[in-house]
Structures are given as structure tokens and as C-alpha cells.
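Visitor: Have a look at this prediction, sequence included:
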Amino acid sequence: MKNFLRLCPVGVKVKMINLNSTSKFSGSITIPSDKSISHRSAILNSIAYGNAEINNYSNGEDCLSTLNVLKNLGVDIKIDNKEDFLNIKIAGNGFDGLSMPSSILDVGNSGTTTRLISGILSTLNFDTTLSGDDSLNSRPMKRIIEPLLKMGANISSDNNMAPLSFHPSKLKGIEFKMNVSSAQVKSCIMLAALNSSNKTYIQQPSLSRDHTERMLKGMGAKIKTNKNDIFIEPSKLNSIDLTIPGDISSASFWMVGALIHPDSNLLLKNVGLNDLRTGIIDVLKDMGGNIEIENHRIQANEPVGDIRVKSSKLVGTEISGEIIPRLIDEIPIIIVAASLADGPTIIKNAEELRFKETDRLLAMSKFLDKSNIKHQLKEDGMEINGNSDFIGGEFESFDDHRIAMSIAISSIVAKNNTIINNHEVASISYKNFYKHLELLKT
């Protein structure tokens, strides 16, 4: 397959950060709002009936892109901007409350916005076009285009990439067997199914995060789930108020940081603990990680808790099969942990990483190469030999927030300073990442 990595064009000045190691890594932080739940809370309430208040909405760039797209579709959204999050109010009037935008819908760098909103746009009775930055527009979208076309959507694309144009069409329900588990793909189909003519059946090869299903059930959708199967009928949704829990994907960087540092004790507050998102905890515990859950509770129909993490001697493991969809976004930071673990770590069935903001497998392999960490890059994963040390150096973020933050975590134990080019890309999901990093180093 064709691999792709994005670098800043020649001649463009790149912003960078210079990070050093630290003798201690301890403290307490409140984890920023869950991106996945934030996106869905805004999108679903925008096509529901009634008024909704959403507290602790993510202020990451991707989630702001979702709000901007919805506002440009005529949704009445009021935003109260706090320091670390947003409180928003949405007045929804179903699919009929959406109106033709005056310009192209700009999704920025957000693949989640693109894939979920596409399910809605494909059902509307007016033309729309969505597009994003160069990174977004180079990502393959065939996996959402294919099922939407089967449902009767009329879509124009640039060789199965954005810009994507949607033309008026009436959709019908389908039976769709997914080749790869993807929460974004199944959510796209479910959103389209809400405004189609009959029932849709989706079969997943394995379970992926189920925030959309949980929220749809809470909003009165005609949806049933049975293990890997989803049955959904055209439905009118009722608005619901939500308080968004913290993002376990954001927490994963601090978990690994605490585990790999020899003098650490972290408390990560208000973290969402959905069973289909906690694969990172399962794997890190399997590697010998000292991780405990405190203050377990239910919030916004999602399990939430505080996570205590301390220094640990990690051992290598194998990560493959059904656990992969439960930690797909966390694999870059797991690779950092695996580099320092005792013995090899083998990652398989993670080809989904090839289709993220960049080819994350290749990007992390480039990082390990420059760090002199022995590993073997595979088509669907990687084998990391372990028993290594990070030496520091200058690295590319490849315009990917998770690559930038993973490299930054390695800096806390690196022998020399770590320089990250285009480090600010972390703000896509975690605006105060570097502020929190320095806080935990003091």
C-alpha cells in the first residue's frame, strides 16, 4: 500500500519546542473533555428536537470545527468559552432544521467531523460540499463513501478524498458488513440511517467504541445492538443535556509518562472509562503498570473515574485482535512504553493507523529510527525490541497531534533535549498539553 507522511513545505518556517528530561513527574490534573463524545453530543443534538445544554465540551480544534460546520448548516448554537472547555446550548429542529450553507463547509483537520457529518449531508435535499486542510484532504474516505453510495447517496469526490460534494438524494436502509472495525464509519452509517426510508443492519468484525449507540439510545432512537450487530431504523431524536467526561486518549499520554519515569505519582481526574475505550489500561496493566481506578461513577451515561498511576517496571507484550479497536488511538504512545519495556512488544491488526492524520505506524517508525530504537515496521503493526533508552534529538510531528504528544512524553526520560517541529499541532485535541507537561515536571 502507499504510505503517506506529511511534512511542512520547503521554505515555510516551522515552529518548534525544546523539551528536557525531568527528575520527577508527579501531580494531579483534570483531563480535558472527551473529543469523541463532544463531537457526537453536538452533532446528534443538532438533528434532535428541543434545546440541549452541553457542559465541558472540548475546546480542541477538531471539536470547534464540528461546531462551525453545524452553525454554517443553520443550527442555533450559543457558546460560553471557559479557560479549558466550552459550555454550549443547542436548539435543534431535526434534519428539517438544517439549511443550505452559503459556502463550503470547512472541517479543518478533523476526520471525525468529516466522517460523521457526511452521514447527515448525504440525506439532505440541498447541495453541500465539505473540505478541510491539506492533511484532511489527503486522507482516504472510501470507507464512508462506499456504504453511503449503497444507501443511494449522490456523492462527488476527489478520487475518494475530500472535497466531498453531496447532492439531494433519498436514502434507503442497507445491510452492511464492515471489513474493519471503525467507530467513525459505523457512526456515519447510523446517522444516515436516521433519515433513510427503512431499517439498516450493520455487522462489525469486532466491537469499537460505542458512544454513538449509547447517545442514540438515550435520545430515543429506534436502535438495537446485539454483540457486534447494530439494527437502526429511521428515527426522530429528543435533545438531551450532557456533561462530557475527560478523554481517556488524552489521559493515556500521562499514564505512560508516569509508568516510564522512575519517580512518579500521578492522579488523572475525571476520565471516561467506557469499556470499549479502556484497552489502554488493560494493556498497560498487562505490561506490569501500576494503575488504580478511584472515585468510580456514572456521568452522561458513561462510566467515569480518577486514575492513579505510579512508576513501574514494564515488560513487553502482544497487542492484537479484538483489543485493537479499544485502543487504536493510543498505539503511538504504547509504542513509547514498549520501547522501554523489558523484552519485545508485538502489535498486529492495526492497519487502521495507516489512515489517520498521517500514517501513524510509519511516523512512529521514523521516530524510533532517529532514536536508535530497534524495531520492525509491519504492514499492520510493529515489533519493538524493547530494553532501550530515548536519546533525544530533533523530530517531526508529521502534522499529527498524537505523534507530537507521544514524542513529547519520551522527552521526560530522554538523555538529551528533544525538539519537536510543528509541536503546536497538539492543540487539535489538547490545547493545554504542554502547559500540563511542565506542571507535572515541577
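Guide: On my side now, so go ahead.
Visitor: quick one, what contacts residue 64?
Guide: residue 108 (Cβ atoms under 8 Å, 6 or more residues apart in numbering). Every C-beta, even on glycine, is put in place using the N, C-alpha and C of the backbone.
Visitor: Against residue 156, how distant is it?
Guide: Distance of residue 64 to residue 156, given as Cβ to Cβ, to the nearest Å: 27 Å.
Visitor: Would you indicate which residues of stretch 152-164 are buried?
Guide: By neighbour count with 16 or more other Cβ atoms under 10 Å, stretch 152-164 contains the buried residues 152, 153, 155, 161, 162, 163, 164.
Visitor: same deal with stretch 118-129?
Guide: Within stretch 118-129, the residues that count as buried by 16+ other Cβ under 10 Å are 118, 119, 120, 121, 122, 123, 124, 128, 129.
Visitor: Just say helix, strand or coil for the third one.
Guide: With DSSP: H, G, I helix; E, B strand; the rest coil as the basis, residue 120 sits in helix.
Visitor: For residue 237, grab phi and psi.
Guide: phi -100, psi 150 (degrees, to the nearest 10).
Visitor: which ones are touching it?
Guide: Applying Cβ under 8 Å, 6+ apart to residue 237 gives the contacts 44, 47, 48, 49, 92, 94, 194, 216, 219, 220, 221.
Visitor: which stretches of this structure form helices?
Guide: Listed in chain order, the helices of the chain (DSSP state H) span 35-46, 61-72, 111-121, 142-150, 183-194, 211-218, 248-260, 279-286, 331-340, 360-370, 401-410, 433-441.
Visitor: Give me the mean pLDDT for the second one.
Guide: Averaged across helix 61-72, pLDDT comes to 96.
Visitor: Can you get me the centre-to-centre distance for that helix and its chain?
Guide: 15 Å (Cα atoms, centre = their mean, to the nearest Å).
Visitor: now the angle between helix 35-46 and it, please.
Guide: 10 degrees (axes from the mean of the first three to the mean of the last three Cα atoms, to 10 degrees).
Visitor: What of the last one?
Guide: Counting by the same axes, to 10 degrees, helix 433-441 points 140 degrees away from the direction of helix 35-46.
Visitor: Would you indicate which residues of helix 433-441 are buried?
Guide: Neighbour counts over helix 433-441 (16+ other Cβ under 10 Å) mark 433, 434, 436, 437, 440, 441 as buried.
Visitor: One more: the fourth one?
Guide: Neighbour counts using 16+ other Cβ under 10 Å place 143, 144, 145, 147, 148 of helix 142-150 among the buried residues.
Visitor: Enumerate every residue touching the fourth one.
Guide: Neighbouring residues of residue 147 by Cβ under 8 Å, 6+ apart: 174, 176, 185, 188, 189, 192.
Visitor: picking that back up, export the buried residues of helix 433-441 as a markdown table, with columns for distance to residue 100 and pLDDT.
Guide: Shown next, in a markdown table, are the buried residues of helix 433-441 (distance: Cβ to Cβ, whole Å; pLDDT from 0 to 100):
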| residue | distance to residue 100 | pLDDT |
| --- | --- | --- |
| 433 | 37 | 96 |
| 434 | 40 | 97 |
| 436 | 41 | 96 |
| 437 | 44 | 97 |
| 440 | 47 | 97 |
| 441 | 50 | 93 |
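Visitor: among the contacts of residue 237, who's most crowded?
Guide: Using other Cβ atoms under 10 Å as the neighbour test, the contacts of residue 237 are led by residue 44, with 29 neighbours.
Visitor: Quick check, pLDDT for that one.
Guide: So, for residue 44, pLDDT stands at 98.
Visitor: Same question for residue 211.
Guide: Residue 211 is given a pLDDT of 94.
Visitor: Before I go, just wanted to say thanks for your time.
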